[in-house]
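[1] what would the 3D arrangement of this be:
(chains A and B)
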Protein chains: 2
Amino acid sequence: MPAHVEQLAMQYRETLLEDVIPFWERHSVDWEQGGYWTCLDRDGRVYDTDKFVWLQARQVWTFSMLYTRCEKREEWLRIARNGADFLATHGRNGHGDWYFSLDRQGHPLIQPYNVFSDCFAAMAFSQYGLASGDEQACEIARQTYERILCRRDNPKGQWNKVYPGTRPLRTLAVPMILANLSLEMEWLLGQAQLEQTVAETVKEVMGAFLDPERLLMYENVSPDGDHVDCFEGRLLNPGHGIEAMWFMMDIAQRLGDQALIGRAVDVVISILEYAWDCDYGGIFYFLDGEGNPPLQLEWDQKLWWVHLESLVALAMGYALTGRQECWSWYERVHDYAWPRFSYPVHGEWYGYLNRRGEVLLSLKGGKWKGCFHVPRALFLCWKQFEALGETTGV
Amino acid sequence: MPAHVEQLAMQYRETLLEDVIPFWERHSVDWEQGGYWTCLDRDGRVYDTDKFVWLQARQVWTFSMLYTRCEKREEWLRIARNGADFLATHGRNGHGDWYFSLDRQGHPLIQPYNVFSDCFAAMAFSQYGLASGDEQACEIARQTYERILCRRDNPKGQWNKVYPGTRPLRTLAVPMILANLSLEMEWLLGQAQLEQTVAETVKEVMGAFLDPERLLMYENVSPDGDHVDCFEGRLLNPGHGIEAMWFMMDIAQRLGDQALIGRAVDVVISILEYAWDCDYGGIFYFLDGEGNPPLQLEWDQKLWWVHLESLVALAMGYALTGRQECWSWYERVHDYAWPRFSYPVHGEWYGYLNRRGEVLLSLKGGKWKGCFHVPRALFLCWKQFEALGETTGV
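    Got it, this is the predicted structure:
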């Protein structure tokens, strides 16, 4: 049993509340036009003003969640509202589908080709509705959830480039996000809907996408859950697989399913063993399951969210099972990630390191990195360690 | 004047004919199902059998071009035919638009969302028609060219994700490829069509996309040719700009336009000065024109085609102007590229190095690298140095 869990809890809490959240409060809020700037350089300088719906929604979620679960600070709710109002006014087309990106003023730039924009919007409005009690927000969350279910079988619609029939593939991201979204929206959707979606998604994730011999998560499989020998079919995204596993632990904990918890922990360990860079440390971004050259040129880079999701999964796995492997892997990832990604001088974490762990891009936020993975992981790790400290009385 | 141009001519000729072409002859031809495998590892092992239309077409072009311009080897024509027949049978949908990719047997995998597939197909069938005298091939080239002109203003069709009107952008790739394609197809299209297209494209490339103060090529500009302050609008792709400049020199040479040649050489030098990595050598893949973090995670990698296109542009620039800067830059790029990319043990060049110039992916071919940039550049440099040797009598 690690002796310093309370110290860890404090490290996560302080970094969240005194370093990361202040960075976004100070630099990202566009009080004039609404919404948030997410393209922020090392010191918070705004270098691009476009507004990407994934990140707008995720920041609404983060500030609402902090208001709901951490502390009732009016400033947090006001920041959440600034994004929620902007999205409600500008974010959707006539069918209620969410654009991928908008310009600073809210004019649409990229069409709603990506259903994950809708998933993050639903999460955002559900959490903001919970925080604010705003009935219109709840209605937007419900409408968006309905549209996601309608679009589920062909999420890209007219923008889908895959020729039908030749090589059908299912993708891990869909059940993963539905599992997470349903938990998020339980309070709006009710128990019955939740139970059904959760049962389906657990079966899919742990059945179709998990290789039962290697205990690795595949990103894409055939409709029957078989491996397909092509770039997409061989693709492993270790951080994604690990994130899926803490979603599973979260669900298993509610269901009281110890076997599922144990299985998810096994998978986390086995992904880490496969994807850890023995030469330079850190977790690879993409790998080919057969050891072939992956398609992604950025395969060997070390990404912030991959390491943060691993810290969450390992802290949670340790809290739920007490397994020593979880703890030694936790320490290894912690010792790699904290000194390289965190940057107390200006706040927030770097996002992208090269294979050697050197800063590859000076940004703290961009098109894909916003106010989401860092604060969510810091919050979850804080709470895991806090609870561990309480139960053990250390 | 460099003393060893004949030795350089020989180095390029030998590498082309005894190293690179044999690699593709030995490992890439699928005599059974037609077409080519392009996913080849370091030693030529096939690690994926999908057939990407860009690369199928480019390989047809390369073997046809070698047959036409280098030597009438029947084997080369037979290899070209193996790809041309496969593409003619499987490559197009009902409108005559070219799919992006096919499986090994030729079933379509990815829809014709990308008009560059059509451009490379037109180049391939034109060159193969010239080599073989096959009238059906010429007809396919002409039909494809017509479809490209029809699709020119909205090349992605239904797959275009840009919301119309908010931020219209023109992209350098379109006039560049039309310039090159029109030269390629001159013998099929006739002089009048050629002259018109060439005049338009030179004006576009050297007018709209060239920043006249910085002498840098931008990838995307507004319809009026202005810079747009967004990720796409700030994007520089140095290798692409340099490739465009040797297309311009090629055209200028035919037109006898010395001013255009001089301007193109100025731009090549100025791009190299901006994009050369002073710490580790080599040319960056992507840069932001304002020095902001670029969107592309692979921005600092060193790519084979970027360096080969630079060698072509510098050899051509030197041959056309005798400018000393061309020669010193040629030597610098040569000394960087040859020892790092070329790999005489198994043949062909590596494609992807990390910033430090170490091999990032072991592949010799993949989804984007096939039998095209290496042999074309080796052929062109060989011919430049051969001609230089003859004129100077060294």
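[2] state the mean pLDDT of stretch A:216-225.
    For stretch A:216-225, mean pLDDT is 97.
[3] report the distance from stretch A:125-134 to the chain centre.
    Relative to the chain's own centre, stretch A:125-134 is displaced by 20 Å; criterion: Cα atoms, centre = their mean, to the nearest Å.
[4] chain B contacts on the stretch 251-394 of chain A?
    Applying Cβ under 8 Å from any Cβ of the partner chain, one finds that the stretch 251-394 of chain A approaches chain B through A:290, A:292-295, A:297-301, A:352, A:354-355, A:360-363, A:366-367. For every residue, glycine as well, the C-beta is placed using N, CA and C.
[5] now do the helices in chain A.
    A:5-15, A:21-27, A:53-69, A:74-90, A:115-132, A:135-151, A:173-189, A:191-203, A:231-234, A:238-255, A:258-275, A:304-321, A:324-341, A:373-392 (DSSP state H).
[6] anything in the fifth one near chain B?
    No: contact of helix A:115-132 with chain B is not found when judged by Cβ under 8 Å from any Cβ; the minimum separation is 11.8 Å.
[7] which strands and helices sit next to that helix?
    helix A:53-69, helix A:74-90, helix A:135-151, helix A:173-189 (3 or more Cβ pairs under 8 Å, 6 or more residues apart in numbering or on different chains; DSSP states H and E).
[8] chain center to that helix, what's the gap?
    14 Å.
[9] and that helix, average pLDDT?
    97.
[10] can I get that helix in CSV? Just the C-alpha atoms.
    C-alpha atoms of helix A:115-132 as CSV (Å, rounded to 0.1, in the frame of the first residue of the first chain):
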residue,chain,number,x,y,z
VAL,A,115,-21.3,12.3,-34.7
PHE,A,116,-18.8,12.7,-31.9
SER,A,117,-19.5,16.4,-32.0
ASP,A,118,-23.1,15.4,-31.1
CYS,A,119,-22.0,13.1,-28.4
PHE,A,120,-19.9,15.8,-26.7
ALA,A,121,-22.7,18.3,-27.1
ALA,A,122,-25.2,15.9,-25.4
MET,A,123,-22.7,15.4,-22.6
ALA,A,124,-22.2,19.1,-22.3
PHE,A,125,-25.9,20.1,-22.2
SER,A,126,-26.8,17.3,-19.9
GLN,A,127,-24.1,18.3,-17.4
TYR,A,128,-24.9,22.0,-17.8
GLY,A,129,-28.6,21.3,-17.3
LEU,A,130,-27.7,19.4,-14.1
ALA,A,131,-25.6,22.3,-12.9
SER,A,132,-27.9,25.2,-13.9
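[11] so it versus helix A:53-69, what angle?
    With axes from the mean of the first three to the mean of the last three Cα atoms, to 10 degrees applied, the angle from helix A:115-132 to helix A:53-69 works out at 20 degrees.
[12] try the fourth one
    Orientation of helix A:74-90 against helix A:53-69 (the same axes, to 10 degrees) gives an angle of 140 degrees.
[13] got the helices and strands packed on helix A:115-132 as TSV, with distance to A:Trp159, mean pLDDT and mean neighbour count columns?
    What follows is the helices and strands packed on helix A:115-132, written out as TSV (distance: least, Cβ to Cβ, whole Å; pLDDT from 0 to 100; neighbours: other Cβ atoms under 10 Å in any protein chain shown):
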stretch	distance to A:Trp159	mean pLDDT	mean neighbour count
helix A:53-69	15	98	25
helix A:74-90	20	98	20
helix A:135-151	11	95	18
helix A:173-189	16	91	20
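[14] distance of A:Thr68 relative to B:Cys230?
    Remark: distance between A:Thr68 and B:Cys230 (Cβ to Cβ, to the nearest Å) = 35 Å.
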